[in-house]
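*Asks:* mind folding the following:
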Amino acid sequence: EPSKISVFVNSPPEISLIEPKSRTLKLNGLVNFEWSAHDINDDPLAHQIELSGDGGQTWKILAHDLKEPHFVWDSTVVPDSSAYLARITASDGWLSTSILSNRITIANDIPVIILEESGEFFTSEKSRVFSGVVRSKDDLLVKLELSLDDGKTWKAVLSQDGAWDSAFEKFELVFSNLKTGIQKITLKGTSQQNKVVINAQGLKVIFDNKPPSLVVNSLPPRILTKRFLTLNGLALDDFSGIKAVEYKIDDSEWFVAMLQGQIGMRKIIFRINHKEALGDGKHNVDVRAVDRAKNLSKTISEEFTIDATPPRIGSFILETGDKILFPDKDGVFRVMPSATSTLRLSIAGDPKTVNLKANKETLSLKHNRQSKLWESSFVFPAEVGSAPGGEKESMINLLISAEDAVGNKMERTLAEISVMISRPQSPAPAEK
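*Replies:* Okay, the predicted model is just below:
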């Protein structure tokens, strides 16, 4: 018959730089790097950003193992120069792709405009105030302007004390009626020497007050026979994208589920693999989704029962006639052939089926409702051994198995029995 072979093809991630992206980059203060990365196989990506101060001959890692595609760099820790390059790498663990920025000029001798937030700022609050500071050296800032339309129009921003006349100034940006969508913030400053500086943090205020939704694909069955909860589902969000799926069991804290994809995707599969063993009994699991604006989905709750304890095989009594048998020092019960032996056994845990075997032969076993014990009577027939003369043992292993209604099963060797089989001794030779 023809063989079927499955071939897995892995493709490298795709990556593109969002900002800073101008052909000539003159930056200072806090610099926001933002990029877009996608893996066609939906593998989770890790990101790394490196800086070169010599045009790409050598590189220094600024950050690695980033889970989200953005990074804020403090350019004041490096000397002013026009030979800087940034390299961003996305990796799925097997394959990686890198992208280079345009050449960057760092000029920290001019005023630095610093906001409290950088990059994409998601919020579900209609009103928001952002604080900022301006640090100057010898060339003081004399004017600060705000644009909300990519530099087409500008509005003056006042310092906290009303005048731009010192090396350290505070200011605030007030947004009182945010609407659903993205509001890009551009700040431009002018110094005493008429030098222009643009804030490089790339702040975008993203307002979203619509909660995400949640679909749980595989709620647990009513009775679980494993102590570790596993649950799958799908989280959906129309705008901000999913940040996390959280769950809690009974009155526990909220745990974070695994996402099969990047944070910010509008449709993402999640998986719950709870690592802590749950006890037998009734439990409740709550699941909710959180988007990047911190909106919460409606919580889905489900009750389930854990029954992972198999029937417990307890003590037993083995009798022959009215005599209770006890094991010898080796733990072996010794019985005579053709004698009726009776076994009385306790089993807890409400077993549905119980099987008793002597080696491979199934023995009859019944439940005595009055004594609540399981009972069996059996006879081991006399079998003449093959060895001439003397006594011979026939070893019997009593094996017990018990299974409850949901499939929990316990098996063990109950007892080792030696059936004493004898045959007449050959007469001793007569004396001469």
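*Asks:* nearest residue to L95 in space, please, no chain neighbours.
*Replies:* Distances taken as CB to CB, 6 or more residues apart in numbering put P12 closest to L95, at 4.0 Å, once the chain neighbours are dropped. From N, CA and C alone the C-beta is placed, and that goes for glycine too.
*Asks:* what of V78?
*Replies:* Distances taken as CB to CB, 6+ apart put I106 closest to V78, at 6.2 Å, once the chain neighbours are dropped.
*Asks:* still on that earlier bit, check which helix or strand the residue nearest to L95 maps to.
*Replies:* In this structure, P12 sits in neither a helix nor a strand according to DSSP states H and E.
*Asks:* ok, now which ones touch the closest residue to F175 other than its chain neighbours?
*Replies:* Excluding the flanking residues, the one nearest F175 by CB to CB, 6+ apart is R128, at 5.0 Å. Neighbouring residues of R128 by CB atoms under 8 Å, 6 or more residues apart in numbering: F175, L178, V205.
*Asks:* how near is R128 to D404?
*Replies:* Taking CB to CB, to the nearest Å as the measure, R128 falls 58 Å from D404.
*Asks:* over to R222?
*Replies:* 15 Å.
*Asks:* higher neighbour count, those two?
*Replies:* Counted by other CB atoms under 10 Å, R222 and D404 do not tie: D404 has more neighbours, with 18 against 11.
*Asks:* can you list the weak-confidence ranges in the stretch 201-350 of the chain?
*Replies:* 219-220 (pLDDT under 70).
*Asks:* 50 - rerun?
*Replies:* Within the stretch 201-350 of the chain, no range satisfies pLDDT under 50.
*Asks:* quick one: the strands in it?
*Replies:* Assigned by DSSP state E, counting those that start in this stretch, the stretch 201-350 of the chain shows strands spanning 204-207, 213-216, 223-224, 230-236, 242-249, 255-256, 258-260, 267-273, 281-291, 300-306, 312-320, 323-324, 332-335, 340-348.
*Asks:* the last one: what's the following helix or strand?
*Replies:* Next in sequence after strand 340-348, counting helices and strands by DSSP H and E, comes strand 353-358.
*Asks:* now that next one, how far from the centre of its chain.
*Replies:* 42 Å (CA atoms, centre = their mean, to the nearest Å).
*Asks:* elements contacting that strand?
*Replies:* strand 361-363, strand 373-379, strand 391-403 (3 or more CB pairs under 8 Å, 6 or more residues apart in numbering; DSSP states H and E).
*Asks:* given the helix or strand that the last one is followed by, what are its sheet partners and their directions?
*Replies:* Once strand 391-403 ends, the next helix or strand along the chain (criterion: DSSP H and E) is strand 409-422. On the basis of DSSP bridges, the sheet neighbours of strand 409-422 come out as strand 332-335 (parallel), strand 391-403 (antiparallel).
*Asks:* next, the buried residues of the shortest one.
*Replies:* Read it as strand 332-335. Residues F333, V335 are the ones in strand 332-335 that count as buried (16 or more other CB atoms under 10 Å).
*Asks:* and for it, what's in contact with it?
*Replies:* Contacts with strand 332-335, where a contact means CB under 8 Å, 6+ apart, come from 318, 320, 325-328, 341, 380, 415-420.
*Asks:* now the buried members of those residues.
*Replies:* The neighbour count (16+ other CB under 10 Å) marks L318, S341, F380, A415, I417, S418, V419 as buried among these.
*Asks:* which one among those residues gets closest to L373?
*Replies:* Among those, L318 lies closest to L373 (CB to CB), at 12.6 Å.
*Asks:* so how many other residues sit close to S191?
*Replies:* For S191, using other CB under 10 Å, the count is 20.
*Asks:* which residue packs closest to it, ignoring adjacent ones?
*Replies:* Using CB to CB, 6+ apart, the closest residue to S191 is D139 (4.5 Å).
*Asks:* how about the contacts made by that neighbour?
*Replies:* D109, I110, P111, S191, Q192, Q193, K195.
*Asks:* and the two most separated of the residues you listed?
*Replies:* Farthest pair in those (CB to CB) is D109 and Q192. Separation: 12.6 Å.
*Asks:* pretty sure N199 contacts L173?
*Replies:* No: if you go by CB atoms under 8 Å, N199 and L173 don't touch, sitting 10.8 Å apart.
*Asks:* who touches both of these two?
*Replies:* In contact with both N199 and L173: L115, I185, using CB under 8 Å, 6+ apart.
*Asks:* quick one, which of the contacts of D139 are buried?
*Replies:* So, by 16+ other CB under 10 Å, the buried ones in those are I110, P111, S191.
*Asks:* and the pLDDT for the second one?
*Replies:* Just to be clear, that refers to P111. P111 is assigned 92 on the pLDDT scale.
*Asks:* how close does it sit to S127?
*Replies:* 29 Å.
*Asks:* just the CA atoms of the helix or strand E34 falls within, as CSV, please.
*Replies:* Element membership for E34 (DSSP H and E) is strand 30-38. The C-alpha coordinates for strand 30-38 follow below in CSV (Å, rounded to 0.1, in the frame of the first residue of the first chain):
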residue,chain,number,x,y,z
LEU,A,30,13.5,58.7,24.5
VAL,A,31,13.1,57.1,21.1
ASN,A,32,10.2,54.7,20.3
PHE,A,33,10.9,51.8,18.0
GLU,A,34,7.8,50.1,16.6
TRP,A,35,7.6,47.4,14.0
SER,A,36,5.2,44.9,12.6
ALA,A,37,6.0,41.2,12.6
HIS,A,38,4.0,38.2,11.4
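*Asks:* thank you kindly, that will do.
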